[in-house]
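K.L.:
Would you be able to build a 3D model of this:
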Amino acid sequence: MKPTLVIEPHHRCCYVTGSAVSIEAMLAILKANQYIRSAKVSSSHKLQLIYDFRYIEFQQILAIISAIGVTYKDGFFQHLKYQLYSDADLQARDNLKITPFCCDKVAIRRENL
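P.N.:
Predicted structure coming up:
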């Protein structure tokens, strides 16, 4: 019997600034998105997201936040963190495309030997 594959959503966070009204509007729009399972803002303006990485990227979520008019921390280390999030999303999507060749094992590529 083949084991079932459980795909866990990605948990990400970033700090946002803006008026209370704009942050509430941002939360309403993010919660309305079918690929974002959870979005909440803590008292320290920390936006915590749970989303399905198969259909939406973290950079797309940042674009939604910017389009609403809410700003997020955008310093050097945040750029590195956001790039790491995007790379992790891409790697996870690529890993799902791998088909096992036998007995649920991943084929060994010659260039990795």
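K.L.:
what about stretch 59-70, average pLDDT?
P.N.:
Averaging pLDDT along stretch 59-70 yields 92.
K.L.:
Quick one: distance of that stretch to the chain centre.
P.N.:
For stretch 59-70, the gap between its own C-alpha mean and the chain's C-alpha mean amounts to 13 Å (C-alpha atoms, centre = their mean, to the nearest Å).
K.L.:
Give the buried residues for that stretch.
P.N.:
61, 62, 65, 68, 70 (16 or more other C-beta atoms under 10 Å). (Glycine included, C-beta is placed from N, CA and C.)
K.L.:
Could you dump these into CSV and include secondary structure and distance to residue 13?
P.N.:
Formatted as CSV, the entries for the buried residues of stretch 59-70 read as follows, by DSSP: H, G, I helix; E, B strand; the rest coil; distance: C-beta to C-beta, whole Å:
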residue, secondary structure, distance to residue 13
61, helix, 11
62, helix, 12
65, helix, 12
68, helix, 17
70, coil, 14
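K.L.:
Closest one to residue 50 out of those, please.
P.N.:
Nearest to residue 50 out of the buried residues of stretch 59-70 is residue 61 (C-beta to C-beta; 11.1 Å).
K.L.:
Summarise which helices and strands the lengthiest helix in the chain is packed against.
P.N.:
Of all the segments of type helix in the chain, defined by DSSP state H, the longest one is helix 76-96. For helix 76-96, the elements it packs on are strand 10-17, helix 58-68, judged by 3 or more C-beta pairs under 8 Å, 6 or more residues apart in numbering; DSSP states H and E.
K.L.:
between the ones you listed, which gets nearest to residue 98?
P.N.:
Where those are weighed against each other on C-beta to C-beta, the nearest is strand 10-17, at 18.5 Å.
K.L.:
Which residues does the closest one contact?
P.N.:
With contacts defined as C-beta atoms under 8 Å, 6 or more residues apart in numbering, strand 10-17 is touched by 23, 26, 41, 44-53, 58, 61-62, 65, 70-73, 78, 81-82, 85, 88-89, 92.
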